[in-house]
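1. Got a predicted structure here, sequence first:
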Amino acid sequence: RLKRFVGGKVPPGKALGLERLGWVRGIAGDGGMQQDLTLSLPDGPTLVIEISPGIPAWNPGHTETQELLAVRIKGATFGDLDAVTAAEFLLTLHTMTETT
């Protein structure tokens, strides 16, 4: 888990814009909200960003500002990532979150 970004605010366009970078929205849960985005890396690990309130599966165009609930890596640790992947992941998180 990367705690540094937890609580960060993500504008709707930036949350949805991750799909252009290969991220995939999760399965819709209660109320039809998709509350995670994942990116599967070629060498096995999966990057996961959990958001709230989530993206409405039935109408993504009405997405609200999101809060980052968790940032984690499944199948590896942050230190296991190669330097380029780690830097790109941190840059993605940094540029998508609003600073207050």
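-> On my side now, so go ahead.
2. Give me the below-cutoff pLDDT ranges for the chain.
-> 99-100 (pLDDT under 70).
3. Which residue is the nearest non-sequential neighbour of the residue nearest to the spatial centre of the chain?
-> For the chain, residue 49 is the residue whose C-alpha lies nearest the centre (CA atoms, centre = their mean; 3.1 Å). Leaving aside its sequence neighbours, residue 49 sits nearest to residue 37 (CB to CB, 6 or more residues apart in numbering; 4.7 Å). No exception for glycine: its C-beta is placed from N, CA and C like everyone else's.
4. And for residue 12?
-> Distances taken as CB to CB, 6+ apart put residue 63 closest to residue 12, at 4.0 Å, once the chain neighbours are dropped.
5. One more: residue 80?
-> Residue 80 sits nearest to residue 45 (CB to CB, 6+ apart), 7.0 Å away.
6. Partner strands of the strand of greatest length in the chain, with direction?
-> The single longest strand within the chain, with elements called by DSSP state E, is strand 46-56. According to DSSP bridges, strand 46-56 has the following sheet partners: strand 33-40 (antiparallel), strand 66-74 (antiparallel).
7. which of the residues in it are buried?
-> Neighbour-count burial for strand 46-56 flags 47-51, 54-56 (criterion: 16 or more other CB atoms under 10 Å).
8. out of the residues you listed, what pair is the most spread apart?
-> Pairwise distances across those peak at 22.7 Å for 47 and 56 (criterion: CB to CB).
9. Buried residues, stretch 67-75. List them.
-> Using 16+ other CB under 10 Å as the burial criterion, the residues of stretch 67-75 that qualify are 68, 71, 73.
10. Can you check which helix is longest in the chain?
-> helix 83-96 (DSSP state H).
11. Show me how far it is from its chain's centre.
-> With CA atoms, centre = their mean, to the nearest Å as the basis, helix 83-96 stands 11 Å off its chain's centre.
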